[in-house]
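J.: Show me how the following folds:
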Amino acid sequence: MKVRRTLLAVFVFAVVSMGLANISAGAQTVFTFTQLDVPGSVSTEADGINGSGDIIGFFVDSAGRQHGFLFQHATFTQLDFPGATATRTAGINNSGVIAGSFTDAAGVQHGLVGRPGAFTQFDFPGSTSTLGLSINNSGTLVGSFNDAAGQTHAFVKQGDTFQQFDFPGGHNTIAFGINNHDDIVGVFTNAAGASQGFIRQRGIFTQIRPPRSISSVAFGVNIMGLVVGSFTDPLGIGRGFLDNAGSFTQVNFPGAASTDANGINSSGTIVGDFFDNAGVEHGYIAVH
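T.: Numbering: from 1, shown residues only. You can find the predicted model right below:
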């Protein structure tokens, strides 16, 4: 496996912005945002953060190839599954074990898990493609897979055992995040064809509906049950959100055309991505 360490060259600026709307009653949350770009990349997305502040995500280089990255101690490490044409790393636990996926030479996607330089492939049995998207401290993995009929389903992987699950009455379910209580967040498509975020706690599903949203997705959940994700407003603009027991605060990078909130750790630090007005994707860190 090719692992290249790159010193931080672009850790651009920190700005202070107020969450544009704490949409339910209560005090607004003030976030300090810092842009995060892999040096030399044409796009960067930050997806997960652990309790130590290690950040995982992926980027596209100037040749158009996708690689994973680990941002740790102010240094980027490029991550690639051996022989892959594309690698995406999406989740990291407090032991530094990473979850993600890669595309092989035949164009098939497979899950990956492990530490840098020691990734292992996994696949949901009988699937045509598998994505690993998050991992908790006990090593439980979540993600999604496609079946032979082309339908997308969520899964939980504990050891070598997989369990499929789907949002009741929905289809195309994806599990994006899991915390150390085994609470799972993700997205499904409802009967009207709209994407809708959800959380599954102790086997019970609850939809996550930010006010004024026409669609939503939940990407991450921490040990306190704080959920981050994004939604589309009536104007078609993508906005990040923080959900604290049904009290929603927007998480929007200042001046961005759209923002996603992708991961949150036990300290409440959020990572995500935004698109600037030129359509370029950047990562960010938000603290409050």
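
J.: Please, where are all the strands along the stretch 51-200 of the chain?
T.: Counting by DSSP state E, counting those that start in this stretch, one finds strands in the stretch 51-200 of the chain at the ranges 55-60, 66-72, 75-79, 86-92, 98-103, 109-115, 118-122, 129-135, 141-146, 152-158, 161-165, 171-178, 184-189, 195-201.

J.: For the longest one, which helices and strands make contact with it?
T.: Applying 3 or more CB pairs under 8 Å, 6 or more residues apart in numbering; DSSP states H and E, one finds that strand 171-178 contacts strand 129-135, strand 141-146, strand 152-158, strand 184-189, strand 215-221. Bear in mind the C-beta positions are built from the backbone N, C-alpha and C, glycine included.

J.: okay, these in CSV with mean pLDDT, distance to Gly272 and mean neighbour count next?
T.: CSV is the format used below for the helices and strands packed on strand 171-178 (pLDDT from 0 to 100; distance: least, CB to CB, whole Å; neighbours: other CB atoms under 10 Å):
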stretch, mean pLDDT, distance to Gly272, mean neighbour count
strand 129-135, 98, 14, 26
strand 141-146, 98, 19, 25
strand 152-158, 98, 21, 20
strand 184-189, 98, 14, 25
strand 215-221, 98, 8, 26
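
J.: Distance to Pro116 added to the ones you listed, as CSV?
T.: As requested, the helices and strands packed on strand 171-178 are exported to CSV (distance: least, CB to CB, whole Å):
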stretch, distance to Pro116
strand 129-135, 14
strand 141-146, 17
strand 152-158, 20
strand 184-189, 26
strand 215-221, 21
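
J.: returning to what we had before: any chance of the strands of the stretch 51-200 of the chain in JSON lines, plus distance to Phe33?
T.: JSON lines is the format used below for these (distance: least, CB to CB, whole Å):
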{"stretch": "strand 55-60", "distance to Phe33": "14"}
{"stretch": "strand 66-72", "distance to Phe33": "15"}
{"stretch": "strand 75-79", "distance to Phe33": "19"}
{"stretch": "strand 86-92", "distance to Phe33": "21"}
{"stretch": "strand 98-103", "distance to Phe33": "25"}
{"stretch": "strand 109-115", "distance to Phe33": "29"}
{"stretch": "strand 118-122", "distance to Phe33": "31"}
{"stretch": "strand 129-135", "distance to Phe33": "23"}
{"stretch": "strand 141-146", "distance to Phe33": "27"}
{"stretch": "strand 152-158", "distance to Phe33": "30"}
{"stretch": "strand 161-165", "distance to Phe33": "34"}
{"stretch": "strand 171-178", "distance to Phe33": "21"}
{"stretch": "strand 184-189", "distance to Phe33": "22"}
{"stretch": "strand 195-201", "distance to Phe33": "22"}
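
J.: Out of those, which is closest to Ala257?
T.: Each of the strands of the stretch 51-200 of the chain was scored for nearness to Ala257 using CB to CB, and the closest is strand 55-60 (18.1 Å).

J.: Could you report the neighbour count for the nearest residue to Gln201 once chain neighbours are set aside?
T.: Beyond its immediate neighbours in the sequence, the residue positioned closest to Gln201 (CB to CB, 6 or more residues apart in numbering) is Asp183, lying 4.9 Å away. Using other CB atoms under 10 Å, the number of residues around Asp183 comes to 18.

J.: before we move on, what about the one 10 residues further on?
T.: By other CB under 10 Å, the residues close to Gly193 number 9.

J.: And for Asp160?
T.: Other residues near Asp160 come to 6 when the count uses other CB under 10 Å.

J.: and if you look at Gly150?
T.: For Gly150, the count of nearby residues is 9 (other CB under 10 Å).
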